[in-house]
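*Asks:* Next comes the sequence, and after it the predicted model I'd like to discuss.
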Amino acid sequence: MKKHILATLLALPLAVNLAYAQDVGDGLSIKVSGFGTGALTMSNTDDAEFGRANQARGVKKDARTGVDSNLGLQADVAINSWLSLTGQGLVRKDAEDDYGAEATLAFAKARVNDALSIRVGRMGVPVFMISEYRNVGYANNFVRPPQEMYSQVPFNNIDGVDAVWQVAFGDTSLTAQLAAGRSKAPVAGNLNVEMKSLVALNLVAEHGPFTARFGRADGKLTITGSTSLDGLLASLRSAGTGYRLPVLNTLAGDLVADSKKASFTSVGLGLDWNGFIGQSEYARRKTDSYINSTTSWYVMGGYRIGKFLPYYTHGKLAVDRVVANTVPAACPAGYPVACTPTLRALSAGVATLRSAGLGQGEQATDSLGVRWDLHRSAALKFQVDRITPKNGKGLFLNANPGFSHAVTVGTVAVDFVF
């Protein structure tokens, strides 16, 4: 994104005086609000970069502001008692190493009755416990959502329609959300990931200080833009046909990500009781392509002491399945001399692709932090993460060959809303 666009968006909060709401008559009202995070992040290594999910660049020993900083603005327009419009824009560093602006929300909402609402347009895709406000740092106790969990779905939004039904049974409230549409997102490495025929179900039960959630999303996954993947698939098919080795053609079909089935199933629990804070999620991702199938989870706990909340989080990401590398080790006797070296090169390419799996690797993180609510609309946070990759580089970016050691990351952030 161009620098002048960023400067304009950063200046907008001053123009709206930290909050703006106006009733323009005939039931029409407009409200402008926003949120943001100013953060400084650094690690203790130059062997790899730490970044948020889907970022092109991260941070090494030299502290950077781009990993955890963002700014969002939202406009809500109430047209009448049953129809409203919502738009939200977000500035952050994502798939490119520069600040970029994106439209994160843009929907019309119709209130059918006291229990049922229908939205059409762009909404947050309901796959996580905090999907609706994952980018609003002030609404979360930790500096950032646990990477092990929130890196598993690269989509933030769904373009389509959803229905939200809310009802109360005594002291228990239930919310059911069903969304359908499609989602598309740029991914670091000049890739584009698209989920067609996306259907997502989100069920939430709240009883006093307790919250329980179940979610499920299914769709058809397509990834484009990878010249290395396209080249490998073409080489597998060419060798399979030329050397009469159909196993190579079959492998190419297993690896390709073109309208392949993908699903994400998750459960979550939350607690806010007598100063005790708890939050946990468990999820499984499955795909029928080279994208790794994974299991991820985290648990977070803390205790409020006045305006301070010290907390601890542990998260883990494990790879459950990768496509088997079925490239033969050598060609049968009588095949051309070039056949076996070709197979070895193809096998190495498949191994590299399998280890990448859309950048997903195994790791665990232990985090200690403290949140200080220094103002009614601002919080100061300190967080230290100890990240231990397993069987490779984990979720680290641009790692040196052979990198696999634990890394300490430190962050100081100010979250605010207006």
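*Replies:* Thanks, I have the structure now.
*Asks:* the helices in the stretch 51-200 of the chain, which residues?
*Replies:* Secondary structure of the stretch 51-200 of the chain (DSSP state H, counting those that start in this stretch): helices at 147-150.
*Asks:* ok now stretch 334-341, how far from the chain's centre?
*Replies:* 45 Å (C-alpha atoms, centre = their mean, to the nearest Å).
*Asks:* Run through who's touching that stretch.
*Replies:* Defining contact as C-beta atoms under 8 Å, 6 or more residues apart in numbering, one finds that stretch 334-341 is touched by 243, 330-331. All C-beta spots, glycine's among them, are computed from the backbone N, C-alpha and C.
*Asks:* any idea which of those residues is closest to residue 381?
*Replies:* Taking C-beta to C-beta as the measure, residue 381 lies nearest residue 330 of the contacts of stretch 334-341, at 56.2 Å.
*Asks:* which helix is the longest one in the chain?
*Replies:* The residue-count maximum for a helix in the chain (DSSP state H) belongs to helix 339-356.
*Asks:* so how far is stretch 299-307 from its chain's centroid?
*Replies:* Remark: stretch 299-307 is offset 24 Å from the chain centroid, using C-alpha atoms, centre = their mean.
*Asks:* meant to ask about stretch 155-172
*Replies:* On C-alpha atoms, centre = their mean, the centre of stretch 155-172 falls 20 Å from that of its chain.
*Asks:* what pLDDT, on average, does the longest helix of the chain get?
*Replies:* The average pLDDT for helix 339-356 rounds to 89.
*Asks:* residues in contact with residue 255?
*Replies:* Applying C-beta under 8 Å, 6+ apart, the residues near residue 255 are 229, 232-233, 236, 289-290, 323, 350, 353.
*Asks:* just checking, residue 110 touches residue 121?
*Replies:* No - contact criterion C-beta atoms under 8 Å: residue 110 and residue 121 do not qualify, at 11.3 Å.
*Asks:* between the two, who's got more neighbours?
*Replies:* residue 121 (20 against 12; other C-beta atoms under 10 Å).
*Asks:* May I have the beta-bridge partners of the more buried one?
*Replies:* residue 107, residue 160 (DSSP bridges).
*Asks:* With residue 314 instead?
*Replies:* Assigned bridge partners for residue 314, using DSSP bridges, are residue 299, residue 366.
*Asks:* neighbours around it, how many?
*Replies:* 16.
*Asks:* Wait, it touches residue 363, no?
*Replies:* No - Residue 314 lies out of contact with residue 363 (C-beta under 8 Å); the separation is 11.8 Å.
*Asks:* Relative to residue 244, how far out is residue 330?
*Replies:* Using C-beta to C-beta, to the nearest Å, we find residue 330 at a distance of 15 Å from residue 244.
*Asks:* same thing with residue 118?
*Replies:* As judged by C-beta to C-beta, residue 118 and residue 244 stand 56 Å apart.
*Asks:* How about residue 347?
*Replies:* For residue 347, the distance to residue 244 - C-beta to C-beta - is 18 Å.
*Asks:* Quick check on the two: which one has the bigger neighbour count.
*Replies:* residue 347 (15 against 10).
*Asks:* how many neighbours does the nearest residue to the more buried one once chain neighbours are set aside have?
*Replies:* Leaving aside its chain neighbours, residue 347 sits nearest to residue 327 (4.1 Å; criterion: C-beta to C-beta, 6 or more residues apart in numbering). Residue 327: 22 surrounding residues under other C-beta under 10 Å.
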